[in-house]
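> quick one: sequence and predicted model below, then my questions.
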Amino acid sequence: SGTVNYSAPVATLALTNTVQGIGLNPETQQAVMVDPSPNGASNGVVSFFSLLDQTVSSFVLRTGDPTTGPAETGSVAAAFNPLTNIAVTVNPSNSTLSVIDPSALKRLTGPFPTGLGPVAVAVDPGTNLAVVANQKGDSVSIISLGTSFRPLSITETSPKNIVVNSSLSSVASPGVANLTIIGTGFTNTSVVRLDGIPLQPTFVSARELTVTVPPSLLTSARRFAVDVMDGANFSNASDFTVEQSVDVSTGCSTAPLPAGVAIDPVQNIAAVSLSGCNTLALIDLTTGTGRTVAVGTNPLGVAVLPRLHQAVVANNASNNASVVDELGPSVTSTVTTGSGPTGAAADQDTGEVAVANSVANTASVVNLASNGVSSISTGQRPIAVGFDYLTHQVATAASSGNSVGIATAPSGSLSASFSVSLPTSVAYDPATNTFLIASSTGNSVTIYDPTTQQITGSLRVGINPTAIAYNYLTGTLISTNTGSHTVTVADLISQRIRALLTLPAPPVNSTIALSGLLQFAVDIHPLTNLAVIADTANGRVLLVPVPR
């Protein structure tokens, strides 16, 4: 009669078998790890591991001179103060506590004496006090790490996100949400604000407030900044996210299997192919409702041309592409492609759409003005395509060939090719005139300049990224990572991971065959930074506001 909660790994890291202590900073998504062993390369090492991009940095604690002194071994436990981003470690061999700056990779002051045999440590972020359990001395040491970060602060909010439900035929009808805020310095005159909107909380204690979020703020996807105001004092900001789940099974007798996503920002519509229903769903992103249009068999990739209010759908089993008038909505024409059309991308200026044909090993370029079709030879099993509408070049991801080919539209053969381990998705950045390619087995995104024909960079994301999208107006890159069931949100300009979000797991009893169908296709709204994700296994479309 009980329940079991579990999660897929967000990231994996090989460790020595003597690593013993670990602490987490939920604000920076960073872990601190210590190894008391005096042997080998782990001698005195304190390591920091980023859950966002899986990078590792480390340094050696030393006695005396921090550069040349002998290594200080024996640290067994570590903790973080997320408000100050300071880590602490304890060492039972010399009964001390060290204070470490992970940004500068150095010990700050101290070490501070503890009781005999410290074995565990925790930090209260509100008061900036470290609490140390001393096993040999049968005591607890309380050590001040300095004045508190600020007298009024938030250390945790719960829940971090909620999901409201709508369908193609009905808008979301949420109830209220109860939000708990943990911190310090609260009084009975404190006010909680969501994006500056004041809400009167219930005062529990100086460390806890609860507030009821009204339904009017929960009707659509939105990312709120949460802070506390008390007189002239303001706390730091936390976050609270409302995600929207759109049930797309309405009017379909089989599992809908949403497969491809493209956002039309002019009409504020998400065009989502429903491969199990042989339809295209057109979802109003303001309400989360919409309509469907019958297209070809097993529709997968989708591309949109906002100025023409048209969507083009690659029908994988019927070997053609449907051209859909989004405002009709209706199919205005059907054009023949190569066999096994899978991915699609558009050139807004010329009104052309490139379609990757996974069986024919070609890319079809469809001209919407004439309904003419030309062909480009590609590598083995192309499943995704990107369109450089500045130089009119097409990039095709050949999944079986572990390569990406570049060709000039509308027809011809590859002018360049480069290796990428299992490429699964392609996006285009017009600001830098580069292609972005998801490497599913490389857990990364490769950046390629078609002008110089050079790989210019790479960014690590989650495990097995299968789809990416890019908003060049905000510099936001988003990848959906099937292996870790996560969404990576990155700032491509600074090459920095901004956030790591959670994707829903498939149903425990799911028997959906996803062979040849990429999971969690994604696109991002250029004006609102709203991510639209096809949750294939659960038969729904997720609207997720992501950090800018």
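Cool, got the structure. Residues are numbered from 1 along each chain as shown.

> quick one: contacts of the lowest-mean-pLDDT helix or strand in the chain?
Least confident helix or strand, the chain: strand 496-502 with a mean of 87, by mean pLDDT, DSSP states H and E. Contacts of strand 496-502 with the rest of the structure, by CB atoms under 8 Å, 6 or more residues apart in numbering, involve 10, 29, 50-53, 459, 461-462, 476, 485-491, 544, 546-547. Using the backbone N, CA and C atoms, a C-beta is placed for each residue, glycine as well.

> list the buried ones in it?
For strand 496-502, a neighbour-count test (16 or more other CB atoms under 10 Å) marks 497, 498, 499, 500, 501 as buried.

> what strands flank it, and is each parallel or antiparallel?
Applying DSSP bridges to the sheet, strand 496-502 is found paired with strand 486-491 (antiparallel).

> mean confidence score for the strand it pairs with?
Predicted confidence along strand 486-491 averages 93 (mean pLDDT).

> with stretch 384-403 instead?
With pLDDT averaged residue by residue, stretch 384-403 scores 94.

> same deal with stretch 36-46?
Per-residue pLDDT over stretch 36-46 has a mean of 71.

> before we move on, what about stretch 104-124?
On average, stretch 104-124 scores 92.

> thinking again about what came up before, among the contacts of strand 496-502, which ones are buried?
When those are checked for burial by 16+ other CB under 10 Å, the buried set is 10, 29, 50-53, 459, 461-462, 476, 485-491, 544, 546.

> related to what we said a few turns ago, restricted to strands, list the contacts of strand 496-502.
50, 459, 476, 486, 487, 488, 489, 490, 491, 544 (DSSP state E).

> run through the bridge partners of the residue nearest to the second one when sequence neighbours are not counted.
With sequence-adjacent residues excluded and distances taken as CB to CB, 6 or more residues apart in numbering, residue 459 is closest to residue 445, at 4.8 Å. Taking DSSP bridges as the rule, residue 445 bridges to residue 438, residue 459.

> one more: the one 10 residues further on?
Beta-bridge pairing of residue 455 under DSSP bridges involves residue 448.

> for the closest residue to residue 115 other than its chain neighbours, what are phi and psi?
Excluding the flanking residues, the one nearest residue 115 by CB to CB, 6+ apart is residue 134, at 3.1 Å. With angles defined as degrees, to the nearest 10, residue 134 sits at phi -110, psi 110.

> residue 134 touches residue 119, doesn't it?
Yes - using CB atoms under 8 Å, residue 134 is in contact with residue 119, at 7.4 Å.

> which of those two has more neighbours?
residue 134 (19 against 15; other CB atoms under 10 Å).

> who's in contact with the more buried one?
Residue 134 touches 95, 114, 115, 116, 117, 118, 119, 140, 141, counting by CB under 8 Å, 6+ apart.

> cool, and residue 93?
Neighbouring residues of residue 93 by CB under 8 Å, 6+ apart: 36, 73, 74.

> can you select the buried ones from these in ChimeraX?
Per 16+ other CB under 10 Å, the buried members of those correspond to this ChimeraX selection:
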select :36,73,74
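
> picking that back up, determine which two of the buried residues of strand 496-502 are furthest apart.
Using CB to CB, the pair of the buried residues of strand 496-502 lying farthest apart is 497 and 501, separated by 11.3 Å.

> which parts of the stretch 101-250 of the chain are helices?
Remark: no helices are assigned in the stretch 101-250 of the chain by DSSP state H, counting those that start in this stretch.

> low-confidence stretches in it?
Within the stretch 101-250 of the chain, the set of residues satisfying pLDDT under 70 comprises 148-149.

> swap the cut-off to 90 and go again
108-111, 125-127, 137-138, 146-151, 155, 172-176, 250 (pLDDT under 90).

> could the ones in strands among the contacts of strand 496-502 go into a markdown table alongside distance to residue 110?
Compiled in a markdown table, these are given as follows (distance: CB to CB, whole Å):
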| residue | distance to residue 110 |
| --- | --- |
| 50 | 25 |
| 459 | 37 |
| 476 | 40 |
| 486 | 37 |
| 487 | 39 |
| 488 | 36 |
| 489 | 36 |
| 490 | 36 |
| 491 | 35 |
| 544 | 43 |
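
> closest to residue 181 out of these?
Nearest to residue 181 among the ones in strands among the contacts of strand 496-502, counting by CB to CB, is residue 544 at 22.7 Å.

> what separates the closest one from residue 446, distance-wise?
24 Å (CB to CB, to the nearest Å).

> for residue 178, same thing?
44 Å.

> ok, the two, which is more surrounded?
A direct count of neighbours by other CB under 10 Å for residue 178 and residue 446 places residue 446 higher, at 23 against 13.

> what is the burial count for residue 236?
Residue 236, neighbours per other CB under 10 Å, totals 16.

> distance of the residue nearest to residue 492 when sequence neighbours are not counted from residue 356?
Excluding its sequence neighbours, the residue lying closest to residue 492 (CB to CB, 6+ apart) is residue 477, at 4.5 Å. Residue 477 sits 21 Å away from residue 356, going by CB to CB.

> neighbour count winner among the two?
More neighbours surround residue 356 than the other of residue 477 and residue 356, with 35 against 27 (other CB under 10 Å).

> which SSE is the more buried one in?
Here residue 356, judged by DSSP states H and E, is contained in strand 352-357.

> CA atoms only: put the following helix or strand past that strand into PDB for me.
For strand 352-357, the following helix or strand on the C-terminal side (DSSP H and E) is strand 362-367. In PDB, the C-alpha atoms belonging to strand 362-367 read as follows (Å, rounded to 0.1, in the frame of the first residue of the first chain):
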ATOM      1  CA  THR A 362      18.400  12.400 -49.200                       C
ATOM      2  CA  ALA A 363      17.000  15.800 -48.200                       C
ATOM      3  CA  SER A 364      14.000  17.100 -50.200                       C
ATOM      4  CA  VAL A 365      13.800  20.900 -50.600                       C
ATOM      5  CA  VAL A 366      10.100  21.900 -51.000                       C
ATOM      6  CA  ASN A 367       9.200  25.300 -52.600                       C
END
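
> so what touches strand 362-367?
By CB under 8 Å, 6+ apart, the residues outside strand 362-367 that reach it are 312, 321, 323, 335, 337-338, 341, 350-357, 372-378, 382, 385, 394, 396, 407, 409-411.

> now it: mean pLDDT?
Rounded mean pLDDT across strand 362-367 is 96.
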